[in-house]
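Undergrad: Just the structure for this:
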Amino acid sequence: MRYIQFIMMMILPLKLFANLANDLECASVEGKNMILVGRIIKFIDKDEWPVSNFVLRNEDGNNYCVQFKDASNGIRWKIIYDAFLSEQDVILKTDNLHRVIGVAVIG
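TA: Numbers count the residues shown, from 1 in each chain. Coordinates of the predicted model:
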């Protein structure tokens, strides 16, 4: 019995680490100049990225990786972050590099 507990104690941290690693990956990106409707489900920021990325999930359950055009638009950042915290749906318009160029909160 102790052997099984030992194995479980060794596996659990590895599983948690794997989940954390996946949390730092963005979703797939499809299309260009898109209008996306859905909910922001994850913010991601890494040293090697010039701007923060986030994942939007649409009503069909598809995830999209989107980023800010630049860090200077504090109002747009606040709108998106507040929608994330309050779990409100948003409409995002993106350019051909999947950067946000417009945002609206639904509801």
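
Undergrad: Which parts of the protein are strands?
TA: 35-44, 53-58, 63-68, 89-94, 99-105 (DSSP state E).

Undergrad: Who does residue 38 form a beta bridge with?
TA: Under DSSP bridges, the beta-bridge partners of residue 38 are residue 58, residue 90.

Undergrad: mind checking pLDDT for it?
TA: Residue 38 is assigned 96 on the pLDDT scale.

Undergrad: any idea which helix or strand of this structure has the worst average confidence?
TA: When each helix and strand of the chain is scored by mean pLDDT, DSSP states H and E, helix 2-23 comes last, with a mean of 47.

Undergrad: neighbouring contacts of stretch 100-107?
TA: Under the criterion CB atoms under 8 Å, 6 or more residues apart in numbering, residues 37, 66-69, 76, 79-80, 82-83, 88-95 lie in contact with stretch 100-107. Using the backbone N, CA and C atoms, a C-beta is placed for each residue, glycine as well.

Undergrad: ok, now stretch 66-81?
TA: So stretch 66-81 is contacted by 36, 40, 43, 49, 51-56, 90, 92, 94-95, 97-101, 103, 105 (CB under 8 Å, 6+ apart).

Undergrad: what is the mean pLDDT for that stretch?
TA: Mean predicted confidence for stretch 66-81 is 81.
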